[in-house]
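**Student:** Need a 3D model of the sequence below.
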Amino acid sequence: MMQKDCAIPGRVGMLSMALLDAHGHRYRLTVRAFLAQTTNVPLILGFQDCLEKATMHVSYPRQEAWLEFD
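**Tutor:** You can find the predicted model right below:
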């Protein structure tokens, strides 16, 4: 059972977005995302539609992360 203070109210929606790299290349996609009812939490992208199309690289010690699309 989930504690009430651990829940984030919101809903799943579809986002049309464009990712732009440092070289000006644009990658357009439509993804499912969790849309919280507050701006106090980050946007949560789902695995389906976005992360299944890219490799995610994360370096927590260097505080950097990026997506690599084929």
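
**Student:** Point to the helix or strand of this protein where mean pLDDT is at its lowest.
**Tutor:** Least confident helix or strand, the chain: strand 44-45 with a mean of 74, by mean pLDDT, DSSP states H and E.

**Student:** In the sheet, which strands lie alongside that strand, parallel or antiparallel?
**Tutor:** Sheet pairing of strand 44-45 (DSSP bridges) gives strand 26-36 (antiparallel).

**Student:** so who does residue 14 touch?
**Tutor:** Contacts for residue 14 were tallied using Cβ atoms under 8 Å, 6 or more residues apart in numbering; they are 30, 31, 32, 33. Just so you know, the C-beta spots here come from the backbone N, C-alpha and C atoms, and that holds for glycine as well.

**Student:** between those residues, which is nearest residue 50?
**Tutor:** Proximity of the contacts of residue 14 to residue 50 (Cβ to Cβ) peaks at residue 31, which lies at 4.1 Å.

**Student:** Give the burial count for the closest one, as a bare number.
**Tutor:** Residue 31 has 18 neighbours, counted by other Cβ atoms under 10 Å.

**Student:** wait, it sits on residue 44?
**Tutor:** No: here residue 31 does not reach residue 44: they are 10.7 Å apart, not a contact under Cβ atoms under 8 Å.

**Student:** residue contacts, residue 59?
**Tutor:** When contacts are counted by Cβ under 8 Å, 6+ apart, residue 59 touches residue 65.

**Student:** and it, bridged to which residues?
**Tutor:** residue 64.

**Student:** pLDDT score assigned to it?
**Tutor:** What the model reports as pLDDT for residue 59 is 96.

**Student:** quick one: it and residue 14, what's the gap?
**Tutor:** As for residue 59, its distance to residue 14 is 30 Å (criterion: Cβ to Cβ, to the nearest Å).

**Student:** these two touch, right, residue 32 and residue 52?
**Tutor:** No: Residue 32 is beyond contact range of residue 52, at 10.8 Å (criterion: Cβ under 8 Å).

**Student:** where does the protein dip in pLDDT?
**Tutor:** 1-4, 47 (pLDDT under 70).

**Student:** quick one: the strands in it?
**Tutor:** Assigned by DSSP state E, the chain shows strands spanning 10-20, 26-36, 44-45, 54-59, 64-69.
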